[in-house]
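[1] Coordinates only, no sequence provided:
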């Protein structure tokens, strides 16, 4: 288990419940009564980006995308974003950063600004889904599909613009049994989906769609691509942009299999380990 | 205008709009279609608290309270909290901190954990209000009332437990024309309410209920008391716990008047200035 998953497990133990909270900590987003879907994700200078190598607007775009991607993975349509921004003394890019946050066309409904030792952007996204897709609904025999090329962020040093797969998430939600966004690489995220679903998984590494310049390792274990990974029934009609990369299995192991049939031991990107 | 208000104004300029977003940046919380009320607020070690002087659970309780207080100021009932927590290397208090976040009885629906140079706790609160009370509905002649004693946090060095005034906010919402929570002290927050309402205000400093040990200056300009300040029509019946401390006026000035009738020049607590 990745250190981040262990810590999230600690949070879940003390999180509490209520009648209005249908899905709590542990999925891409929480689900409240009425199909309200909500998630939060923070980016920290020096951990998730480098403010000296990235324009303020791009940092805002990326922080919003990370959260909108979590909504996409639930099959939700976004309603609004909120941002709590920590600014180091003298930081001049607050307005550009906010413009980036609103740059995906989802309005910024709330904001908090405070001093902080390094630039910190904590975003919350709210959306609605008619039928939210969880990580836990996958069944043995379901196909595993991804929405686009992988490894592009790792190959570019994590500087490429990110487009959250919102329309794709809504379309996949009509057939998917389980879904997750690829924030840490399919090597880790397929394990999260399979564990939540109580299945194993087999991913055929040769079938992973690779971004230009990406190695196989970057495609499997690079972070922050923000494509979606969905489990779909074997007879489901797939959109043309979806790539079948493997399946969920009865056997509980998660196997990443090379072109020659060798299982590879790849682990995704973890912000606590980097 | 406080530096924080100027920065929030910059955010509002680029925030965007949508049909579902009824009230955006600039009030205690945003309001979405269906009476959904949502806000975000971050606490940073060394700015809002000192982790070497405060137990992890108390930090969590305070971060939740700051947000629940914003819901209270809208007259909203809380549904759930989300937290994006930045942890310095080796920090051991994550679970205690999460227990504190859930310690007001509102479930923690979502969590993100990441590395950060100092402990950073960004919380989002979601609630619902039948009739959300904004800062902007006050009218000249309305009485100004507060929910409890002021200055206790400043007098104690910002270490006392905070109780968000949720029940009081719902009760005041039945009569209030405008409401705000006292996060930066009435000297600043009454100005925000009056400015939003397009009125002036007169606060009688001698009538401010003072917490034990608090000076008049701490009661007027100390931060983080998280009591509520509401404007109510002059003929409204007031709950017994409400203290009348002044009124909204036609003249646009905001006056803080001493027992001998002298106007005092007091300015509240600002995290950018400290």
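    Everything's here; your move. Everything quoted here is computed from the prediction, not taken from an experiment. Numbering: from 1, shown residues only, chains lettered A, B, ... in the order given.
[2] in stretch A:47-60, what's buried?
    Buried positions in stretch A:47-60, judged by neighbour count with 16 or more other CB atoms under 10 Å in any protein chain shown: A:47, A:48, A:49, A:51, A:54, A:56, A:57, A:58, A:59, A:60. For every residue, glycine as well, the C-beta is placed using N, CA and C.
[3] of all these, which two lie farthest apart?
    Maximum pairwise distance among the buried residues of stretch A:47-60 (CB to CB): 19.6 Å, between A:47 and A:57.
[4] Whichever strand or helix holds residue A:196 and chain B, any residue contact?
    In this assignment (DSSP states H and E), residue A:196 forms part of helix A:186-197. No: contact of helix A:186-197 with chain B (CB under 8 Å from any CB of the partner chain) is absent, the minimum separation being 14.5 Å.
[5] hmm, who's touching that helix?
    A:2, A:5, A:26-27, A:134-139, A:144, A:146, A:150, A:177-183, A:200-201, A:203, A:208, A:219-221, A:229, A:231, A:245-246, A:248, A:252, A:254, A:256, A:266-270 (CB atoms under 8 Å, 6 or more residues apart in numbering or on different chains).
[6] Just those: which are in strands?
    A:144, A:146, A:178-181, A:200-201, A:203, A:229, A:231, A:245-246, A:248, A:254, A:256 (DSSP state E).
[7] nearest to chain B, of the buried residues of stretch A:47-60?
    Nearest to chain B, judged by CB to the nearest CB, of the buried residues of stretch A:47-60 is residue A:47 at 5.0 Å.
[8] State the helix or strand in which the closest one lies.
    Counting by DSSP H and E, residue A:47 is part of no helix or strand.
[9] What sits closest to it if chain neighbours are left out?
    Nearest non-adjacent residue to residue A:47, counting by CB to CB, 6 or more residues apart in numbering or on different chains: residue B:115, 5.0 Å away.
[10] what do you get for residue A:10?
    Leaving aside its sequence neighbours, residue A:10 sits nearest to residue B:95 (CB to CB, 6+ apart; 4.4 Å).
[11] Any idea how far whatever helix or strand that neighbour lives in is from the middle of the chain?
    Per DSSP H and E: residue B:95 is located in helix B:94-101. With CA atoms, centre = their mean, to the nearest Å as the basis, helix B:94-101 stands 22 Å off its chain's centre.
[12] Which other helices and strands does that helix contact?
    helix A:3-13, helix B:56-73, strand B:77-87, strand B:108-115, strand B:120-128 (3 or more CB pairs under 8 Å, 6 or more residues apart in numbering or on different chains; DSSP states H and E).
[13] most packed of the ones you listed?
    Each of those was scored by mean neighbour count; the highest is strand B:120-128, a mean of 29, by mean count of other CB atoms under 10 Å in any protein chain shown.
[14] tell me the angle of that strand relative to helix B:56-73?
    40 degrees (axes from the mean of the first three to the mean of the last three CA atoms, to 10 degrees).
[15] Paired strands for strand B:120-128, with orientation please.
    strand B:36-44 (antiparallel), strand B:77-87 (antiparallel) (DSSP bridges).
[16] Show the model's pLDDT score for the one residue sitting closest to the centre of chain A.
    Centroid check for chain A by CA atoms, centre = their mean gives residue A:181 as the closest residue, at 3.3 Å. You'll see residue A:181 listed with a pLDDT of 97.
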